[in-house]
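K.L.:
Curious how this folds, go ahead:
(one chain, ligands or ions: 1)
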Amino acid sequence: MEDLNFRKGDAKTEVFGSNRMLQPAPVDKIPDGPTTPEIAYQMVKDETFAQTQPRLNLATFVTTYMDDYATKLMNEAININYIDETEYPRIAVMNGKCINIMANLWNSPEKADWKTGALAIGSSEACMLGGVAAWLRWRKRRQAQGKPFDKPNFVISSGFQVVWEKFAQLWQIEMRQVPLTLDKTTLDPEEALKMCDENTICIVPIQGVTWTGLNDDVEALDKAVDAYNAKTGYEVCIHVDAATGGFILPFLNPEVKWDFRLKWVLSISTSGHKFGLVYPGLGWVVWKDKKYLPEVMSFSVNYLGADITQVGLNFSRPAAQILGQYYQFIRLGFQGYKEVQYNSLTIAQYLHDEIAKMAPFVNYAKDVVNPLFIWYMKPEYAKNAKWTLYDLQDKLAQSGWMVPAYTLPNNLENYVVMRIVVRQGFSRDMADMLLGDIKNAIAEFEKLEYPTTTRIAQDKNLPVATKVFNHTGKPQAAKK
Ligand SMILES: *Cc1c(COP(=O)(O)O)cnc(C)c1O
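P.N.:
Here you go, the predicted structure:
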């Protein structure tokens, strides 16, 4: 057998002097023999070397910066499987403490020492668990009434994150969408209730809509739901998808009622790995009370010195994120979280203001309520522009920035927008560098003699790649 790893004397050869570095990396077949760890490391590392710097990625919501102690703590726990509770009982207790802290941040009325909630790999799993619980509660009621329970549905705005499409498909629960429009930029409670009937398992308002950064008005929805339930005798409830807002509102807008202070909010989910400030993957779901978590979803363990309820779609999963979350709670405290979120929001607002000053652009919304926002090209500017936001995305990528351009959901699909998410680790100085790069890009685009290919496609309303370009057509665009 040919030894790919060693030329004569290769053990002492510098990594980049080795024969292995002259060979292609394996694609479909495991290599015949071993490679030295130094070389294997370098090959794997180098394959991702050229990618965008995570902190210049303004597309993602997910944590890309933690301090050295948090990183050390999480690395030290890299080999711990959360499910091995008997081996690591303190981690299960720590998980329970994190759930308690989350529940109290969301004003849980539950009196028990251990609040009812669950750890998840992200908001996706947490949303699934909240949704499944609502479905099972509804089903139990229907069974008790001797009524059919084969056509469940839930109601959400068209600004839903893809997890809700998965929830609908995987559990075969009909998703009813309230369209977002330029006038109704968030979920309209009355429209939502028009879509409800006896088969509605829940309504899902979003705090930090992925597409726009806005918050649905949960307090208004709760009021409308209360009147609706009183009139119909149904028990339509609310699950709040607070993937982003769950860690923003308690710190920056504690007076806004969106959480367990509201009557029909029975469960809330969030992403610990977004503004919970922990590396992926971590999510949390909390129920208002134990009675809203169907027993079939949970099993209790009694060997931890406390009664801890365990719920989840996964079995094995890493525990390091729990240590990371608990560390952040201790390290930052309420005040520290508030300061970090305040800075992210303030920098987002600063960028929002500066973008508004640039001739080609108009912001989608007046206010920035979460540390993210979207903007689009003014229709009157777009009429004569030789470029599009997709060109700007490409241009910025050349300087390492990832600023995504995309079309809005149904009814607003003619709007091509651009989004910035500001996370911990994005400073005012970086914001100024980004603004400088945007201005330079515009100056270059304005010198173009001929329209770019995306501009041509957009003007002809042709699909380019998988995207539909056209934001010049709609008459209401001029209003914004
Ligand atoms: C990010 C997000 C999700 C999915 O969360 P993950 O943590 O990535 O699984 C669900 N809903 C909303 C509103 C989100 O922003």
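K.L.:
So in the chain, which helix runs the longest?
P.N.:
Assignment by DSSP state H gives helix 320-357 as the longest helix of the chain.
K.L.:
Neighbouring strands - and their directions - for the next helix or strand after it?
P.N.:
Next along the chain after helix 320-357, taking DSSP states H and E as the criterion, comes strand 361-363. Here strand 361-363 is paired, per DSSP bridges, with strand 372-377 (antiparallel).
K.L.:
Can I get the next helix or strand after the strand it pairs with as CSV, trimmed to CA atoms?
P.N.:
The first helix or strand that comes after strand 372-377 along the chain, using DSSP H and E, is helix 379-382. C-alpha atoms of helix 379-382 as CSV (Å, rounded to 0.1, in the frame of the first residue of the first chain):
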residue,chain,number,x,y,z
PRO,A,379,-38.8,53.6,-6.0
GLU,A,380,-38.0,57.0,-7.6
TYR,A,381,-34.3,56.3,-7.3
ALA,A,382,-34.7,52.7,-8.5
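K.L.:
so what does the longest helix of the chain touch, helix or strand wise?
P.N.:
Where contact means 3 or more CB pairs under 8 Å, 6 or more residues apart in numbering; DSSP states H and E, helix 320-357 is packed against helix 68-76, helix 89-105, helix 249-252, strand 361-363, strand 372-377, helix 428-446. (Glycine included, C-beta is placed from N, CA and C.)
K.L.:
please redo it, this time with the cut-off set to 10 Å
P.N.:
helix 68-76, helix 89-105, strand 117-120, helix 249-252, strand 361-363, strand 372-377, strand 416-421, helix 428-446 (3 or more CB pairs under 10 Å, 6 or more residues apart in numbering; DSSP states H and E).
K.L.:
now the fifth one: how far from the chain's centre is it?
P.N.:
Centroid separation between strand 361-363 and its chain, computed with CA atoms, centre = their mean, to the nearest Å, is 24 Å.
K.L.:
Could I get the average pLDDT for that strand?
P.N.:
Mean per-residue pLDDT for strand 361-363: 96.
K.L.:
Show me what from the stretch 251-400 of the chain comes close to the ligand.
P.N.:
By CB under 6 Å from any ligand atom, the part of the stretch 251-400 of the chain that sits against the ligand consists of Ser271, Gly283.
K.L.:
Tell me, what's the model's pLDDT at the residue in the stretch 251-400 of the chain positioned nearest to the ligand?
P.N.:
Nearest residue of the stretch 251-400 of the chain to the ligand (CB to the nearest ligand atom) works out as Ser271 at 3.6 Å. Per-residue pLDDT puts Ser271 at 98.
K.L.:
That one reaches Ala126, doesn't it?
P.N.:
Yes - counting by CB atoms under 10 Å, Ser271 does reach Ala126; the two are 7.6 Å apart.
K.L.:
Quickly list what's touching both of the two.
P.N.:
Ala120, Asp241, Ala242, Ala243, Gly246, Leu282, Gly283, Trp284 (CB atoms under 10 Å, 6 or more residues apart in numbering).
K.L.:
Taking these, tell me the two that lie furthest apart.
P.N.:
The most widely separated members of those, counting by CB to CB, are Asp241 and Leu282 (15.8 Å).
K.L.:
thinking again about what came up before, higher neighbour count, Ser271 and Ala126?
P.N.:
Ala126 (33 against 30; other CB atoms under 10 Å).
K.L.:
Okay, helices next: where are they in the stretch 51-200 of the chain?
P.N.:
For the stretch 51-200 of the chain, the helices defined by DSSP state H, counting those that start in this stretch occupy 68-76, 89-105, 123-144, 162-171, 189-194.
K.L.:
out of these, which comes closest to Asp437?
P.N.:
Nearest to Asp437, of all the helices of the stretch 51-200 of the chain, is helix 68-76, at 28.7 Å by CB to CB.
K.L.:
Now do the same for the closest one: mean pLDDT, whole number.
P.N.:
On average, helix 68-76 scores 98.
K.L.:
circling back to that earlier point, when you filter the shared contacts of Ser271 and Ala126 down to buried only, what's left?
P.N.:
Taking 16 or more other CB atoms under 10 Å as the criterion, what is buried in the shared contacts of Ser271 and Ala126 is Ala120, Asp241, Ala242, Ala243, Gly246, Leu282, Gly283, Trp284.
K.L.:
Among those residues, which ones are in helices?
P.N.:
Per DSSP H, those never map to helices.
K.L.:
and these as a markdown table, adding pLDDT?
P.N.:
Shown next, in a markdown table, are those (pLDDT from 0 to 100):
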| residue | pLDDT |
| --- | --- |
| Ala120 | 98 |
| Asp241 | 98 |
| Ala242 | 98 |
| Ala243 | 98 |
| Gly246 | 98 |
| Leu282 | 98 |
| Gly283 | 98 |
| Trp284 | 98 |
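K.L.:
what's the first-to-last distance across stretch 313-328?
P.N.:
25 Å (CA to CA, to the nearest Å).
K.L.:
again with stretch 270-287
P.N.:
So stretch 270-287: terminal residues 12 Å apart, CA to CA.
K.L.:
chain center to it: distance?
P.N.:
9 Å.
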